[in-house]
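*Asks:* Quick one, fold the following:
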Amino acid sequence: MVRAIASGDTSAFGTLYMSTHGIVFTSIARITGDRATAEELTIEVFHEVWRGAPTYDPASNSVVGWIMNLARARALPRARPDRGTLAASMRAAVQKLTTGERRAIEDIYFSGLTYVEVAAQERVLTAMIKSRIRSGLGRLRTFLTRGNGRR
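*Replies:* Residues are numbered from 1 along each chain as shown. Now for the predicted structure:
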């Protein structure tokens with residue numbers, strides 16, 4: 001589908017948009033805390049998808065992963081301000097992660113690197129980076145919702 005978009009196929013773009021705009025908007029809205037900003041940034045993300053389709057590399061990420069990375073990159077600079085307790089809880093939870101989990105999450109979500117790039121940097125398989133992300137996010141969820149690190 002992305003190849004078709006890269007060649008200018010507006011129908012393929014419409015199909016991709018219809019199947020992914022909901023999760024993109026929701027993700028951006030959660031990060032920014034503002035519906036109007038989320039609407040604006042969702043449009044920007046899909047404009048970037050249209051322009052960037054020729055450079056999309058399926059070996060580095062899934063289509064949805066690629067789009068969500070674009071969405072995060074757009075939303076994070078416009079994130080709602082820290083809310084004291086939540087920010088402190090998040091910092092404490094991040095410190096409880098293993099070094100590998102913390103580094104993988106920071107590289108993927110905050111530095112904008114792809115799984116392949118992080119794996120090459122860490123000299124491990126891409127599957128290991130994906131596993132660290134999955135594990136780290138699960139542990140963060142546990143720390144933040146239950147107040148402890150036990151599963």
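*Asks:* What is the neighbour count of A104?
*Replies:* Other residues near A104 number 28, with proximity taken as other Cβ atoms under 10 Å. Where C-beta positions appear, they are placed from N, C-alpha and C, glycine not excepted.
*Asks:* Break the protein down into its domains, please.
*Replies:* Residue ranges of the domains in the chain are recorded as 2-78, 84-146, according to automatic domain parsing.
*Asks:* Next up, the contacts around the spatially closest residue to A38 that is not a sequence neighbour.
*Replies:* Setting aside the residues directly before and after it, A38 is nearest to A29 in space (Cβ to Cβ, 6 or more residues apart in numbering), at 3.8 Å. Contact partners of A29, counting by Cβ atoms under 8 Å, 6 or more residues apart in numbering, are R35, T37, A38.
*Asks:* Most neighbours out of the residues you listed, which is it?
*Replies:* Highest neighbour count within the contacts of A29: A38, with 23 neighbours (other Cβ under 10 Å).
*Asks:* Spatially central residue for the protein, please.
*Replies:* In the chain, the residue lying closest to the centroid (Cα atoms, centre = their mean) is N69, at 4.1 Å.
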